[in-house]
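J.: sharing a sequence plus its predicted fold:
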Amino acid sequence: MKRELISKMPLFTKEQIEAAIAAAPDYVDDPESPYDPNNEAEVKAFWANAKRVMPGEHRFQQKQKKSR
């Protein structure tokens, strides 16, 4: 029996996604957040200098050079 790829199987139905979006709040108040997630300019400014680290790029995942 051939297995289907997980990526082809939908995790949620369209109705479940629409219900989750409808139930989501319009405003988020998180006092521990370093920026206001409702303000697009603050979000962009906070993440402007972020660097994406792909698997294998982290320095602890790379092979260390042996020094003699």
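T.: Cool, got the structure.

J.: what helix or strand is A50 on?
T.: Of the helices and strands defined by DSSP states H and E, none includes A50.

J.: measure it to P25 for me?
T.: Between A50 and P25 the computed distance is 25 Å (Cβ to Cβ, to the nearest Å). For every residue, glycine as well, the C-beta is placed using N, CA and C.

J.: middle-most residue in this protein, spatially?
T.: Note on the chain: the residue nearest the mean C-alpha position is R52, at 11.0 Å, using Cα atoms, centre = their mean.

J.: need the pLDDT of it.
T.: With respect to pLDDT, R52 has a value of 84.

J.: what about it, helix or strand, and which?
T.: R52 is part of no helix or strand, with elements assigned from DSSP H and E.

J.: residues in contact with it?
T.: If a contact means Cβ atoms under 8 Å, 6 or more residues apart in numbering, then R52 has no contacts.

J.: average pLDDT across stretch 17-31?
T.: Within the predicted structure, the mean pLDDT of stretch 17-31 is 89.

J.: start and end of that stretch, how far apart?
T.: Taking Cα to Cα, to the nearest Å, stretch 17-31 runs 27 Å from one end to the other.

J.: go on, stretch 29-40?
T.: Terminal residues of stretch 29-40 are spaced 14 Å apart (Cα to Cα).

J.: contacts for that stretch?
T.: Outside stretch 29-40, the residues that touch it by Cβ under 8 Å, 6+ apart are Y27, V28, E42, V43, A45, F46.

J.: now find how far off-centre that stretch is within its chain.
T.: The gap between where stretch 29-40 is centred and where its chain is centred comes out at 16 Å by Cα atoms, centre = their mean, to the nearest Å.

J.: residues of that stretch that come out buried?
T.: By neighbour count with 16 or more other Cβ atoms under 10 Å, stretch 29-40 contains no buried residues.

J.: what do you get for stretch 13-31?
T.: Under the neighbour-count rule, stretch 13-31 has none buried (16+ other Cβ under 10 Å).

J.: much appreciated, bye for now.
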